[in-house]
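Undergrad: Below are the sequence and a predicted model for it; my questions follow.
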Amino acid sequence: MLLMLPDRLLNSFVQTENARTKHYYVPTEIRSRWLILLGQLKSELCDRGFGSTEATRALLILLLIETARLAASELPESKKSSPQARPIVKQVLCFIDANYRNSIGLQEVAKEVNLSPAYLTDMIRRETGKTVLSWIVERRMTEARRLLLETDLAVIQIAEAVGYCDAGYFSRLFRRLNGTTPQAWRVMYRG
């Protein structure tokens, strides 16, 4: 399906400075639109009814266009901050992406970018609308959901794989953020 997408759209994602994960801030006012599009995409992929291939392709193109537009735009409050903020945000997100499996927190991230924890917290919140700790938890939960879908690992193994020593804490946090337990989430989305 990706091969059928327009080259111009694909090139905006393929020609990156490195192969690391990219992070984009989705402004609050368009998040509901994204959730609707993602829900429609999931329905088309699951149903496989008449025209589902074409509908899936169209929805994927819409989501990729939206993502490309986000990549080209400024973060909402970045005009209020210093020009150095964006590279630091990128560095923070890349560090989190590379180290979320380890026991990291605000102190380790601040040390990595040579800023005080308080200043870094303020900058990241101003630039992205989230805290450093929220980004760490979000990255860990994204990987946990992937492992729940793609592997048969036990919840305790998944908790350890995403940087949590305490499987009970991981399960409570997962439930608070996803509305259900890891086991129930696996059953719901695998089916």
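TA: That came through fine. Residues are numbered from 1 along each chain as shown.
Undergrad: Residue 173 sits in which helix or strand?
TA: helix 167-178 (DSSP states H and E).
Undergrad: any idea which helix or strand comes after that helix?
TA: helix 182-190.
Undergrad: Can you give me the buried ones in that following helix?
TA: Neighbour counts over helix 182-190 (16 or more other C-beta atoms under 10 Å) mark 182, 185-186 as buried. Every residue, glycine included, has its C-beta placed from N, CA and C.
Undergrad: returning to what we had before: buried residues, the helix holding residue 173. List them.
TA: Those would be 167, 170-171, 173-174, 178, for helix 167-178 by 16+ other C-beta under 10 Å.
Undergrad: Same list (the buried residues of helix 182-190) but as a markdown table, adding distance to residue 150 and pLDDT.
TA: Putting the buried residues of helix 182-190 into a markdown table (distance: C-beta to C-beta, whole Å; pLDDT from 0 to 100) gives the following:
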| residue | distance to residue 150 | pLDDT |
| --- | --- | --- |
| 182 | 14 | 95 |
| 185 | 13 | 90 |
| 186 | 10 | 91 |
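Undergrad: Only C-alpha atoms, please: export the helix or strand encompassing residue 63 in PDB.
TA: Applying DSSP H and E as the criterion places residue 63 in helix 52-72. The C-alpha trace of helix 52-72 is given here as PDB (Å, rounded to 0.1, in the frame of the first residue of the first chain):
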ATOM      1  CA  SER A  52     -11.700  -1.200   2.200                       C
ATOM      2  CA  THR A  53      -8.400  -1.200   0.300                       C
ATOM      3  CA  GLU A  54      -9.200   2.100  -1.400                       C
ATOM      4  CA  ALA A  55     -10.700   3.600   1.800                       C
ATOM      5  CA  THR A  56      -7.600   2.500   3.800                       C
ATOM      6  CA  ARG A  57      -5.300   4.100   1.300                       C
ATOM      7  CA  ALA A  58      -7.300   7.400   1.300                       C
ATOM      8  CA  LEU A  59      -7.300   7.500   5.100                       C
ATOM      9  CA  LEU A  60      -3.600   6.800   5.300                       C
ATOM     10  CA  ILE A  61      -2.900   9.500   2.800                       C
ATOM     11  CA  LEU A  62      -5.000  12.000   4.800                       C
ATOM     12  CA  LEU A  63      -3.000  11.000   8.000                       C
ATOM     13  CA  LEU A  64       0.300  11.300   6.300                       C
ATOM     14  CA  ILE A  65      -0.600  14.700   4.900                       C
ATOM     15  CA  GLU A  66      -1.700  15.900   8.300                       C
ATOM     16  CA  THR A  67       1.600  14.600   9.700                       C
ATOM     17  CA  ALA A  68       3.600  16.300   7.000                       C
ATOM     18  CA  ARG A  69       1.800  19.600   7.800                       C
ATOM     19  CA  LEU A  70       2.700  19.200  11.400                       C
ATOM     20  CA  ALA A  71       6.300  18.600  10.500                       C
ATOM     21  CA  ALA A  72       6.300  21.900   8.500                       C
END
